[in-house]
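> Test case, fold it:
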Amino acid sequence: MQFLPRRTGRVPRRTGRNCKIDQSGGGALAGKAVLRVGPVLVPFRWRAVVVAGVLTVLLLAALVVSLSLGTPYVAPGDVLRSLSGAGTPYDLVVRDLRLPRAVLAALAGAAFGVAGTLIQSVARNPLASPDVIGVTQGAGLAATVALTSGAAAVLVAPAAGCAPSSG
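Residues are numbered from 1 along each chain as shown. Presented below is the predicted three-dimensional model:
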């Protein structure tokens, strides 16, 4: 793994094996640093790496706080000791009761973020939402059909969740 410094001149840089990388203004890699992993060059921006690191630390801090709140209250230090396997009286509460819910909540939030990003990229509109592509209308239609057809109330939510989009 090797970091390549950003070049300021407009001269393409030879990296060997007939590969040229233009890290000057206007190119595809303008303003990006390049990480070489074997034969693969991975462009990245330091700002994005720092922001991702800060957000990861904030997510872990929120996870520790969410594991400590509740009845009984568990001090954050005890939460960290329990997660590290040091053995505390709160192992059952932290690892078996609260941790699965907190991890599932973080994964559900990540899934919602990915879903929103996918909808926005498919619609090529940064303001796109599920109603733009008809997901909301399709779910409403399926729920209405389930209610008016005399289906049991238990089937309304699954029918709305499995509805095709009408957009």
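
> And the residue positioned nearest the centre of the chain, which helix or strand is it part of?
Geometric centre of the chain, nearest residue: residue 110, 3.8 Å, by C-alpha atoms, centre = their mean. Using DSSP states H and E, the element containing residue 110 is helix 99-123.

> tell me which residues in that helix are buried?
Buried positions in helix 99-123, judged by neighbour count with 16 or more other C-beta atoms under 10 Å: 99, 102, 119. For the C-beta atoms, the positions are set from N, CA and C on the backbone; glycine is no exception.

> Redo the residues you listed as TSV? Include distance to residue 87 and pLDDT.
Shown next, in TSV, are the buried residues of helix 99-123 (distance: C-beta to C-beta, whole Å; pLDDT from 0 to 100):
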residue	distance to residue 87	pLDDT
99	15	96
102	20	95
119	45	86
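
> which stretches of this structure have low pLDDT?
1-31, 152-153, 161-167 (pLDDT under 70).

> how does it look with 80?
1-32, 130-139, 142-143, 146, 150-167 (pLDDT under 80).

> how about the strands in this protein?
Ranges of strands in the chain, per DSSP state E, are 2-4, 13-14, 20-21, 33-37, 40-44.

> before we move on, the earlier item: check which helices and strands the helix holding residue 110 is in contact with.
Helix 99-123 sits against helix 46-68, with contacts defined as 3 or more C-beta pairs under 8 Å, 6 or more residues apart in numbering; DSSP states H and E.

> residues of the helix it packs on that come out buried?
Going by 16+ other C-beta under 10 Å, helix 46-68 has these buried residues: 63, 64, 66, 67, 68.

> how about the nearest residue to the first one, chain neighbours excluded?
Translated: residue 63. Of all residues not flanking residue 63 in the chain, residue 102 sits nearest, at 5.5 Å (C-beta to C-beta, 6 or more residues apart in numbering).

> OK, contacts around that neighbour?
Each residue near residue 102 by C-beta atoms under 8 Å, 6 or more residues apart in numbering is listed here: 63, 66, 67.
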